[in-house]
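**Student:** let me see the structure of the following:
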Amino acid sequence: MKTLNEYSVLGLLCLLVASCSPTEVTTPELADEDSALPGTPARNAQARAACDQCNTGDHPKDNYNLSGFTMEEIYGSVHSNTNATSSAACEAGVFNTCNGYMVISGPDGDSERVELKQYPGTESLSDAAYLKFRTIVENIPGSGKEVTIAQIHTRGSGVQRPLLRLSIRNGGYLTSTLAHQYSGSSSYTKDDWFQINHGDRIVVELKILGSGNRVRWWVKNYTTGQEQRVTYDLDDSAYDDWKDKSGTFYFKTGVYNQDAFSSPMRLSYYYFQFSS
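**Tutor:** Got it, this is the predicted structure:
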């Protein structure tokens, strides 16, 4: 085991020698998950239900970092992309910030979406970056339905699908989908994990590890205690397409409908952090 002094020497060497290998970025943790919640469960439920106004100054400053994100809304005749920290991003019944929450109420149409989207998004598969958020999930998709809640995508030309997406589908199963190719027909690594129910509190983390062309996701259901963490190694030749797009990746989260809904999903964020 290395002593503290040995670690100090190693750290000094890394400052002096340019050949130090990249290390994984460390994501912040809360000592108590509930400390991110604005108030008691009863008060929180009332606050979210009443969140039909916009107050960008009401975010708990330590819990939110929206710098570099836009709010994209695509539904019906609406197609807008606005700075997420601007009051212009707020829209009653769609994207509201009040009472310590940031609430996205999804549209009801197939392929319609309301999402927080990193912009411009120039992430490389060899540089560490992450998106981490905590949210309360309401209106779970029923049988045969699916909503995507988080993605690692790319703005590279010709791209037809995200590299990685996390969704809730078919009555509440957390599902991960990794695309092997970015255009044309593609094979996928797709897995169902555990159940997410109406009103559950979850944490989601998407991470580019910063070395070896690896990406990782982690989801924990704080309500039930279930969690899953999966790392994908993209060094395999099956992912050569994606490595060609390195330098154009970005993160996003929100409600992206894969189907039409009578009761669209609602995400009430109470913690949102990003770093690259």
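**Student:** you'd agree Leu37 is up against Tyr270?
**Tutor:** Yes: the pair Leu37 / Tyr270 is scored as a contact, 5.7 Å apart, by C-beta atoms under 8 Å. In this view, the C-beta of every residue, glycine as well, is placed from N, C-alpha and C.
**Student:** these two: which has the busier surroundings?
**Tutor:** Using other C-beta atoms under 10 Å as the criterion, Leu37 and Tyr270 rank with Tyr270 on top: 25 against 21.
**Student:** and the nearest residue to Ser67 once chain neighbours are set aside, how far from Leu131?
**Tutor:** Nearest residue to Ser67, sequence neighbours excluded (C-beta to C-beta, 6 or more residues apart in numbering): Thr85, at 7.1 Å. Distance from Thr85 to Leu131, counting by C-beta to C-beta, to the nearest Å: 16 Å.
**Student:** how about residues contacting the helix or strand where Glu115 lies?
**Tutor:** Taking DSSP states H and E as the criterion, the element that holds Glu115 is strand 113-118. Outside of strand 113-118, the residues within contact range by C-beta atoms under 8 Å, 6 or more residues apart in numbering are 66, 68-75, 81, 84, 94-95, 104-107, 131, 250-257, 272, 274.
**Student:** 7 Å instead?
**Tutor:** Strand 113-118 is contacted from outside by 68-74, 84, 94-95, 104, 106-107, 250-257, 274, using C-beta atoms under 7 Å, 6 or more residues apart in numbering.
**Student:** for the helix or strand hosting Thr175, packing partners?
**Tutor:** Assessed by DSSP H and E, Thr175 sits inside strand 173-179. Where contact means 3 or more C-beta pairs under 7 Å, 6 or more residues apart in numbering; DSSP states H and E, strand 173-179 is packed against strand 164-169, strand 188-195.
**Student:** tell me, how many residues neighbour the nearest residue to Ser143 once chain neighbours are set aside?
**Tutor:** Leaving aside its sequence neighbours, Ser143 sits nearest to Gly171 (C-beta to C-beta, 6+ apart; 5.5 Å). Using other C-beta under 10 Å, the number of residues around Gly171 comes to 14.
**Student:** and the one 10 residues further on, by the same measure?
**Tutor:** The criterion is other C-beta under 10 Å. On that basis, Gln181 has 16 neighbouring residues.
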